[in-house]
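1. I'll drop the sequence and a predicted model, then ask my questions.
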Amino acid sequence: MDLKLVREDDPILKQVAEPWDFTVDGEAHSVVRSMAKVMMENNGIGLAGPQVGISKRIFVMGNESKLFACINPEILDGSGQIIDKEGCLSFPDLWLSVKRRETIKVRYQNAIGETIETEFTGIMARVFQHERDHLDGICFDTLTSKLSLELAKKRRKKLRKRRFG
Ligand SMILES: [Zn+2]
């Protein structure tokens, strides 16, 4: 399966994704492998289905040594709040400060449909919340003030100008 990142203005990014139905869709190994490939090739630490044109409730996060495939993910509980910079593979070079829960209790299914309940904290909790949002059609540019977004877009323009001349 050869997957490609969709553009940041693709309407699929605003759609609510469908549940992954293991009885119909089968196990998710091949999608997970392809998504992980796209994520790593682009130096990301998280990638959701809609970002590669798959409107299903699935995302991957982590890196080569520890990869999580999270299907039909739910956030059961959260505590603490942290504001930190975030990027997104759908919005290259855009860095935004977003407020997230510090620690979350979650439930999801892995690639073979087993239900996992666990806790994430710090960066992995942030990535989980970011990717989970993608499945509801929520991109991180809607989670910050209009002013911060404008400033971040200006910074991106400058960065690109410097890079491409
Ligand atoms: Zn994203």
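-> Arrived safely.
2. From here on, just use CA atoms for contacts and neighbour counts.
-> OK.
3. in the lengthiest helix in the chain, what's buried?
-> Identified as the longest helix of the chain according to DSSP state H is helix 146-164. For helix 146-164, burial by neighbour count (16 or more other C-alpha atoms under 10 Å) applies to 149, 152, 153, 156.
4. What of stretch 118-125?
-> Judged by neighbour count using 16+ other C-alpha under 10 Å, the buried positions of stretch 118-125 are 119, 120, 121, 124, 125.
5. what residues does that stretch touch?
-> Stretch 118-125 has contacts (C-alpha atoms under 8 Å, 6 or more residues apart in numbering) with 61, 62, 101, 102, 103, 104, 105, 106, 107.
6. what sits against residue 117?
-> 105, 106, 107, 108.
7. How about the contacts made by the last one?
-> Neighbouring residues of residue 108 by C-alpha under 8 Å, 6+ apart: 70, 71, 72, 73, 74, 115, 116, 117.
8. Can you give me the buried ones in the helix or strand harbouring it?
-> Here residue 108 sits within strand 96-109, counting by DSSP states H and E. For strand 96-109, burial by neighbour count (16+ other C-alpha under 10 Å) applies to 96-98, 100-109.
9. Can you list the low-confidence ranges for the protein?
-> Applying pLDDT under 70 to the chain flags no residue at all.
10. same thing but 80
-> Residues of the chain that meet the criterion pLDDT under 80 lie in 164-165.
11. ok, which stretches of it are helices?
-> So, for the chain - with DSSP H - the helices run 22-25, 29-41, 123-134, 146-164.
12. The first one packs against which elements?
-> So the one you mean is helix 22-25. With contacts taken as 3 or more C-alpha pairs under 8 Å, 6 or more residues apart in numbering; DSSP states H and E, helix 22-25 sits against no other helix or strand.
13. residue contacts, the nearest residue to residue 27 once chain neighbours are set aside?
-> Nearest non-adjacent residue to residue 27, counting by C-alpha to C-alpha, 6 or more residues apart in numbering: residue 112, 5.1 Å away. Residue 112 makes contacts with 27, 28, 29, as judged by C-alpha under 8 Å, 6+ apart.
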